[in-house]
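1. below is the sequence, then the predicted model.
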Amino acid sequence: MGQDLGYSTVPTGHANEEVDNRWLAKNFAPVRETWDRTNVQVLEGKIPEGLVGGQYIRNGPNPKWEQNGRPYHWFDGDGMLHGVYFAEHGPEYVNRYISTAKMSLERELGGPTLPTIGQTLSTSLVTVFRGVGGGILARFIERKSAGSNTAITYHNRRLLTLLEAESPKHVMAPDLVTIGDYNFQNDALGVKKKNNNPNDPTSSSVHGRKIVTAHPKVCPRTGNMYFFGYNFQGSPYVCYSAADPKGNLFVNTRAVPNCDRPIMMHDMQITDQWAVMLDLPLIFNPQANVKAGKPALAFDASQPARFHLVPRETGGSAKHTFECDALMMFHTAVAYESPSGDEVTLIGCASGDPNLMRKERMEESQPFLTEFKFSISTGTMSQKRLSNIAGEFPIINPQFLASRQIRYVYFSREAADNDGILFDGFVKYDRESGKVTEFRLPKGMYTGEASFAPRVETSAGIAEDDGYLICFAAKNTAAPANSGKLFIINTKTMTTACILEMPHRVPFGFHGFWMNKSAIENQVRNIPVQPFKELSWTEWILAKVIQYLSAG
């Protein structure tokens with residue numbers, strides 16, 4: 001049954017700030033109720049047998065506190081997981097806040113405290129520098145973190161939630177209880193890992209912190225995980241890391257010197273040999289951008305887009321860099337090498353200026369599925385739009401990551417009746433024939449990213465499109481009757497296999513993850529939940545100053 005946490009569901013806006021409070025309205029509004037695993041109703045169809053024992057989990061912002069006039073952006077929320085576990089006796093819904101040091105600190109201080117992304121995206125220099133100042137002071141508070149609201153992965157027998165620039169949080173499925181921070185050098189039991197030598201420049205985190213962005217890549221053949229972190233404060237702006245299947249870092253925060261500007265880099269890809277780094281001109285430059293009437297973090301069309309090929313197993317400087325006119329690509333589907341190794345192909349959804357503060361649909365902000373080819377021998381690149389349907393969140397069958405065999409790419413179809421934030425269906429693109437097959441949600445319902453759930457847990461002898469897309473969908477209203485729906489879509493036919501009804505509203509969110517039965521059963525067990533260290537009196541005073549600075 002539900003648990004009422006006692007928080008108001010009507011956060012207030014900010015009268016003197018341009019941040020659009022739509023992120024706290026309609027079905028973007030947070031829910032405050034959490035549910036233990038609860039049986040849910042099958043509205044249509046039948047649950048596919050291959051999903052039994054697995055769990056679909058989706059992350060999203062869902063701020064815990066009323067914002068009380070703060071410059072809040074959708075990216076700012078604390079993080080809430082919504083999951084459907086396909087138990088033997090029937091499907092069960094569960095939702096949980098992701099417990100973080102930030103949430104604990106703010107509970108102690110009586111409300112939101114740390115700087116917001118809304119401040120970073122402001123066109124007011126005062127607001128931006130209040131946020132920057134708060135961020136600098138926060139470095140002196142040991143018990144701090146951001147939320148963990150963006151994505152999910154599975155590595156080293158652990159389910160990990162991810163943010164844009166933060167350490168992963170370890171969560172146990174299927175109940176989605178947070179264990180604590182996971183930073184690859186110390187696990188939840190405090191066991192020291194390899195490569196923790198403070199005298200080794202390759203083992204230092206960016207400005208002393210192990211940060212991981214939202215889209216690490218886990219190789220399905222080796223089990224290694226490849227990831228990066230970035231920061232805006234100074235060089236190195238981007239650092240690359242890799243961990244083996246047991247969580248030992250064999251590339252530990254190697255600076256990528258070719259990335260020489262303060263960019264937002266949200267995703268990467270891997271091939272057999274390379275890590276493909278997306279050095280694109282979404283740049284943090286407060287003074288110049290605000291002077292030009294832009295947010296502090298803004299797209300600079302005068303600067304080139306760069307793609308760096310970094311040796312996958314060692315990191316360091318890019319061996320090959322390719323440039324083209326400015327573009328943005330938040331999400332990629334796959335990359336792979338030609339049989340000769342001379343050409344690398346990358347597929348993702350590319351756009352012009354993404355304009356993170358847009359309030360209406362803008363043609364230049366629309367992303368389209370695009371193929372990039374990089375010739376290592378000639379140093380040249382080309383690009384080709386694959387589909388004229390605007391969309392985002394490109395995905396593949398994850399069993400085929402970094403594979404030359406890849407044929408099918410799926411992406412969320414941008415709804416024409418909104419500003420490009422919501423999606424009304426999915427597209428399956430066949431790279432061999434160019435054929436496009438669409439799935440449309442019922443009119444008035446919207447979704448975000450889908451997750452691909454392979455029908456069976458091995459790719460051996462299995463068709464690439466043998467599986468299911470799984471997603472939450474809802475109407476864009478905060479009405480209590482707007483209960484969330486879970487759609488399961490057959491990827492061979494792009495037709496509905498099953499629809500489930502959740503016990504309450506499920507707000508729009510970010511990235512999801514399919515966790516199969518064996519991953520759930522093989523999770524590391526008996527790790528106690530990490531306690532949070534108490535604030536010292538000096539940290540408490542600093543936190544109150546930060547709370548004031550982050551209020552506007």
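-> Perfect, thanks for sending it. Residues are numbered from 1 along each chain as shown.

2. and the host helix or strand of residue 334, what does it pack against?
-> Here residue 334, judged by DSSP states H and E, is contained in strand 328-337. Where contact means 3 or more CB pairs under 8 Å, 6 or more residues apart in numbering; DSSP states H and E, strand 328-337 is packed against strand 268-270, strand 274-279, strand 343-351, strand 381-395, strand 408-414. Where you see a C-beta, it was placed from the backbone N, CA and C, and this is true even at glycine.

3. 7 Å - rerun?
-> The helices and strands touching strand 328-337, judged by 3 or more CB pairs under 7 Å, 6 or more residues apart in numbering; DSSP states H and E, are strand 268-270, strand 343-351, strand 381-395.

4. those strands: which one's closest to residue 62?
-> strand 381-395 (18.9 Å; CB to CB).

5. buried ones in that closest one?
-> 381, 386-387, 389-395 (16 or more other CB atoms under 10 Å).

6. ditto for stretch 408-416
-> Residues of stretch 408-416 classed as buried by neighbour count (16+ other CB under 10 Å): 408-415.

7. what residues does it touch?
-> Here stretch 408-416 makes contact (CB atoms under 7 Å, 6 or more residues apart in numbering) with 333, 347, 349, 366, 369, 389-396, 420, 422-431, 438, 446-450, 452, 464-465, 469.

8. likewise stretch 307-327?
-> With CB under 7 Å, 6+ apart, stretch 307-327 has contacts from 226, 240, 242, 251, 254, 256-259, 270, 273-281, 300-301, 303-306, 344, 350-352, 372, 374, 376, 381, 383.

9. can I get the buried part of those as one ChimeraX selection?
-> Filtering those down to the buried ones (16+ other CB under 10 Å) takes a single ChimeraX command:
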select :226,240,242,251,254,256,258,259,270,273,274,275,276,277,278,279,280,281,300,303,305,306,344,350,351,352,372,374,376,381
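
10. if we can go back for a sec, separate out the buried members of the contacts of stretch 408-416.
-> Neighbour-count burial (16+ other CB under 10 Å) is assigned, among the contacts of stretch 408-416, to 333, 347, 349, 366, 369, 389-396, 420, 422-429, 431, 446-450, 452, 464-465, 469.

11. give me the low-pLDDT residue ranges for the chain?
-> 1-20, 136, 139-140, 142-145, 185-210, 357-361, 419-420, 458-461, 552 (pLDDT under 70).

12. you'd agree residue 371 is up against residue 347?
-> Yes. Applying CB atoms under 7 Å, one finds residue 371 in contact with residue 347, separated by 5.3 Å.

13. does residue 364 count as helix, strand or coil?
-> When classified by DSSP: H, G, I helix; E, B strand; the rest coil, residue 364 comes out as helix.

14. number of residues surrounding it?
-> 13 (other CB atoms under 10 Å).

15. and it, how close does it get to residue 57?
-> Residue 364 is 34 Å from residue 57, where distance means CB to CB, to the nearest Å.

16. so residue 84 is in contact with residue 91, correct?
-> Yes. Counting by CB under 7 Å, residue 84 does reach residue 91; the two are 5.5 Å apart.

17. so for those two, which residue has more residues nearby?
-> For residue 84 versus residue 91, neighbours defined as other CB under 10 Å are more numerous around residue 84 (27 against 24).

18. first to last residue in stretch 478-488, what's the distance?
-> 23 Å (CA to CA, to the nearest Å).

19. and it, how far out from the chain middle?
-> Between the centre of stretch 478-488 and the centre of its chain there are 22 Å (CA atoms, centre = their mean, to the nearest Å).

20. next: stretch 35-42.
-> 25 Å.

21. give me the residues contacting it.
-> By CB under 7 Å, 6+ apart, stretch 35-42 touches 1-2, 84-85, 90-95, 174-175, 498, 500-503.
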